[in-house]
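Engineer: here's a sequence, model it:
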Amino acid sequence: MDDRGCGFFLGTSDSCSCVHDMMSQHPILQPEVDHHAKPFKRLKSNLQPEPGHRAKRIKRQSSLERKWEIANTELHLVAQSLKDIGMRGDVLQARILPLIFSWCPPGAYTGPIPNGSEECKKLIRDNPDLVQALERAINSGNYQEILSLPAPVSEDCDTDSEDQSVGYKLMSTGSAATVAWTAEYQGNYHEVMLKNINSMDRGRVHASSATIIQSSGTGKSRMAHELATLVFTIPFNLRNPEERNGSAYPPEDTMVWKYLCDVSNVESARHGEAGVALFFARVFSQVAKEIPKVFKVSHTESKLSPADFARRWREHLSQETRSLLYEKIVKTCEDDKAPLKANFDVLFRELENRLHQLLKALVIVCAFPNSSDIRVLLYFDEAHELDRVIPNDERKKKLYDVQSMNMLLATFTEMPFDCHPSFPLRPGAFHLEQLGDLTFLARFGRPLFWTLIEASKGTDKSALIQGTVELARMKLISSNDIYGNEFSFLAMLATLDVLITIDYEPRWTLTSDYEMDMVASHMRVAFSIPWHRFYMHSGYPSEPFLAEAASRQMYHYLQFPGHTMANLLQQNLDSGLINLNQKGEVVMRLLLRMAYMNAIIAEQADKKHLARELNFSKGCSVVRFLKALFGDQFHDTILKSKPDDGVTSTYTLQDAFKHAVVRFTHFVKAVDESVVSTKSMVSAFLRGVAFICHNRQKAVDIIIPILLDRRSVLQESSMSALFIQVKRRRQSGSSTEYIIDEEVHGFFPNKVSMGERRATRPYVTLVAELGVDKPPKKTSFVVTGNDNERSSNEHPRYGIRAYTCTDRTWKVVRAAERDMYKRVLSTDDFLADHPRQDEASLAFVHQMLPFWHDKAMWYKHKKRVRFHDRG
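Structural biologist: Numbering: from 1, shown residues only. Have a look, this model is predicted:
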């Protein structure tokens, strides 16, 4: 029979080197030909900073000594895992301290447990004896001494606070990852992937290989694991054992890694190719022998369906069974190396025969449909480990490109997103107080965060939630040193991108490289990779939990002298990385985001929990936000202004928005004009986003949702917005030239249903003329109202116009940054990065007619003669 297309190779990675390097592949085997699949270099293996999954379960014993032995073993494993990834000093001690209190035997400690790493660090700083005891405990593995010390107390710690947790069991993120792996899978992503694989044209040579490319935490490994419930799968995990840390899951297949990935065992490219062929021949042979042991089906019994067959095989292939099977496979390869010296034709004939042997064993017990659907899936996780140069090869080939390839099937990027079991959410079910809760934020976006947090059912989640936030920060900056003072260029670019959304210059050659690195190591999402793989479509979508983590990371970054968000933006603009056509809007988003951050800090400054952690997702009052955005001298002008659209109202802006709240931790791009509605403001407010309007949207560039009353339920009738139009022209427009009217856009519903809180709702408009050097004559830097505009609109509009991009207008701009903003905003043509900026050189470039203009030297216009009436 023709078995072509029955086998399929799938590899996963965060890295995206496939976009540029299509010809470097690792062999995958089919009955008639050898096939290849592309593994990718992955830059994160040592970036899993959280404590590891717990040691193997030990039967509980009643003696206190045995319980302490268990606790010490688990704590020592965690400490060693953290040390292995470079954690040292008070950072390590602050991470271990709450675990000691939590994992000790019940009753051994009944005092308050410090909440969060910052509180732990302060306890350590205030208790020198505790520092020495922790150092001894971490080195010796005995943590009982810690509990014999006097209870550690911080000078400003409220030990009588009722919200201090006492004697609870704390679950690490590593433990949570293990539990989350067994949780019910959400969605049908694995079913869609199998359908897509089966629909691909796999009849061509080298066309049964594909890759999954996506950033960390999106569920690549879990989806492949679920795929094994639908199709017979032989899975391999090639994680480097030396890079093993406690939070990495699922575990690696050490013996397979040593055989396939250790380049010291490979003499040449040909030797490597033969070794891989031998490996797969032994895999097919041993698995074929394993089938009858698992499935004992007589000729009189009905055969299993492919799904039942796959599911039972996956259950059989537990970690222990899997390890023994793979150990036997590798041993047979190492004991009999004669085939490595055989003729290739002989070797591959054996390989083909072994595959036929496996397929026959499967057909005996499984009723495969008479179709071209795949029957065997070989899955390689952590495939970037094959990105190793063969030492003795003259052409410096790598393990995964010991043979050339002609065809690689389209890359998969579709991963689980917004898949929490509570979805879809409904309007009218939430209040403002609920939206800042970190467990609520974690529901959105990739499944990593909510699965970790919700794995701790029955335990206190506070420390686990804090650990998950820190994990998000570490993954975002690709470093476990989130409390340091030096960060890489890409780390802060990624953080800034999450907060304000950056449009990159598509013509710059390094843009695609940076995008790929950010997908590999900084949580950027690969939306789509075209079949040709020359570039990708990527970005930071709406992930409120990651945006909160980015906000906290940025706040920490700004605490050091010379660190500002404006400087970060300038660095990227000067490098040519940011699209110059969008810089006016990017600068405006930066001003808005800085103002929001400052308003949050001011609003939470008087609250007692500030010492623990700021929460940027709780929102702030509209009045506080406007005060943080504009200079102090304009506060009265803005807050005491009245509607300017002809609506009769005695309410000033301050009165109309007395209880109103803004809440935006990040920006998202609107697909079209449909977002300009109060219904869209509800969903946007839920996720804490502000809209970047579509380029076809008239008169509005940015929309920030407003909840009119913080006490009300979140629903359409409670929503309004701040509409912003950004202008970068050097000449200011007239007061009537840029008008934002909600009625033109149909923002508020036409009909008012019974039971709404109020029929009319106020809204705010802002026209920001950032490109001008000064305001029009007899006009202030910030003005309100518009006497020339009258409307029949029933909703009161509070209009603001702001001129220039200096500290005279914006409170978030520093005086020392005036020239920087001016230079950034005045650069408006493609010659801004021309290496010679002298007048003569620029004139010669213009003479080459990159665009049409009337000052060309090749043609001279006739002077216009004006005739005057002398009569």
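Engineer: buried residues, the lengthiest helix in the chain. List them.
Structural biologist: Longest helix of the chain, by residue count under DSSP state H: helix 269-294. Buried residues in helix 269-294, defined by neighbour count with 16 or more other C-beta atoms under 10 Å: 269-288, 290-291. Glycine gets a C-beta too; all of them are placed from N, C-alpha and C.
Engineer: got it, and stretch 126-133?
Structural biologist: Within stretch 126-133, the residues that qualify as buried by neighbour count (16+ other C-beta under 10 Å) are 127, 130-131, 133.
Engineer: would you put the C-alpha positions of that stretch in CSV?
Structural biologist: Taking C-alpha atoms only, stretch 126-133 is exported to CSV below (Å, rounded to 0.1, in the frame of the first residue of the first chain):
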residue,chain,number,x,y,z
ASP,A,126,15.4,45.2,58.9
ASN,A,127,16.5,41.8,60.4
PRO,A,128,20.3,41.1,60.0
ASP,A,129,20.0,37.8,61.9
LEU,A,130,17.4,36.6,59.4
VAL,A,131,19.8,37.3,56.5
GLN,A,132,22.5,35.1,58.0
ALA,A,133,20.0,32.3,58.9
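Engineer: what about it, distance to the chain center?
Structural biologist: Using C-alpha atoms, centre = their mean, to the nearest Å, the mean C-alpha position of stretch 126-133 is found 37 Å from that of the whole chain.
Engineer: how deep is residue 365 tucked in, by neighbour count?
Structural biologist: Using other C-beta atoms under 10 Å, residue 365 is surrounded by 18 other residues.
Engineer: so how far is residue 426 from the nearest residue to residue 617 once chain neighbours are set aside?
Structural biologist: Once flanking residues are discounted, residue 617 sits nearest to residue 436: 4.5 Å by C-beta to C-beta, 6 or more residues apart in numbering. Per C-beta to C-beta, to the nearest Å, residue 436 is found 19 Å from residue 426.
Engineer: related to what we said a few turns ago, just the buried residues of stretch 126-133: which are in helices?
Structural biologist: 130-131, 133.
Engineer: list the buried ones in stretch 815-829?
Structural biologist: Within stretch 815-829, the residues that qualify as buried by neighbour count (16+ other C-beta under 10 Å) are 817, 820-822, 824-825.
Engineer: again, but for stretch 667-679
Structural biologist: 667-668, 670, 675-678.
Engineer: test my guess that residue 654 contacts residue 636.
Structural biologist: No. If you go by C-beta atoms under 8 Å, residue 654 and residue 636 don't touch, sitting 9.4 Å apart.
Engineer: and the two? which has more neighbours close in?
Structural biologist: The neighbour count for residue 654 versus residue 636, taken as other C-beta under 10 Å, is higher for residue 654 (17 against 11).
Engineer: give me the phi and psi for the residue nearest to the spatial centre of the chain.
Structural biologist: For the chain, the residue nearest the mean C-alpha position is residue 523 (3.4 Å; C-alpha atoms, centre = their mean). Residue 523 adopts backbone torsions of phi 70, psi 10, taken as degrees, to the nearest 10.
Engineer: same thing with the one 5 residues further on?
Structural biologist: Backbone geometry at residue 528, expressed as degrees, to the nearest 10, gives phi -160, psi 140.
Engineer: for it, name its beta-bridge partners.
Structural biologist: residue 537 (DSSP bridges).
Engineer: between residue 436 and residue 426, who's got more neighbours?
Structural biologist: Using other C-beta under 10 Å as the criterion, residue 436 and residue 426 rank with residue 436 on top: 17 against 9.
Engineer: so that one touches residue 615, yeah?
Structural biologist: Yes. At 5.2 Å, residue 436 counts as touching residue 615 under the criterion of C-beta under 8 Å.
Engineer: which SS class is the residue lying closest to residue 703 once chain neighbours are set aside?
Structural biologist: Using C-beta to C-beta, 6+ apart and skipping the chain neighbours, the partner closest in space to residue 703 is residue 691 (4.3 Å). Under DSSP: H, G, I helix; E, B strand; the rest coil, residue 691 falls in the strand class.
Engineer: how many neighbours does residue 691 have?
Structural biologist: Residues lying near residue 691 (other C-beta under 10 Å) number 25.
Engineer: for the helix or strand containing residue 636, packing partners?
Structural biologist: Assessed by DSSP states H and E, residue 636 sits inside helix 635-639. Packing partners of helix 635-639 (3 or more C-beta pairs under 8 Å, 6 or more residues apart in numbering; DSSP states H and E): helix 622-629, helix 653-656, strand 782-784.
Engineer: CA atoms of it as CSV?
Structural biologist: Written as CSV, here are the backbone C-alpha positions of helix 635-639 (Å, rounded to 0.1, in the frame of the first residue of the first chain):
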residue,chain,number,x,y,z
HIS,A,635,-6.4,73.6,35.4
ASP,A,636,-9.0,76.2,36.2
THR,A,637,-9.5,77.0,32.5
ILE,A,638,-10.3,73.4,31.8
LEU,A,639,-12.2,72.3,34.9
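Engineer: tell me the mean pLDDT for that helix?
Structural biologist: Taken as a whole, helix 635-639 carries a mean pLDDT of 96.
Engineer: what comes up buried for it?
Structural biologist: Within helix 635-639, the residues that qualify as buried are 635, 637-639, counting by 16+ other C-beta under 10 Å.
Engineer: I would like the residues contacting that helix, please.
Structural biologist: Taking contacts as C-beta atoms under 8 Å, 6 or more residues apart in numbering, the residues outside helix 635-639 that touch it are 623, 626-627, 630, 652-654, 780, 782-784, 800.
Engineer: swap in 6 Å and give it another go.
Structural biologist: Here helix 635-639 makes contact (C-beta atoms under 6 Å, 6 or more residues apart in numbering) with 626-627, 653-654, 784.
Engineer: ok now it, how far from the chain's centre?
Structural biologist: Mean-position distance between helix 635-639 and its chain equals 39 Å (C-alpha atoms, centre = their mean).
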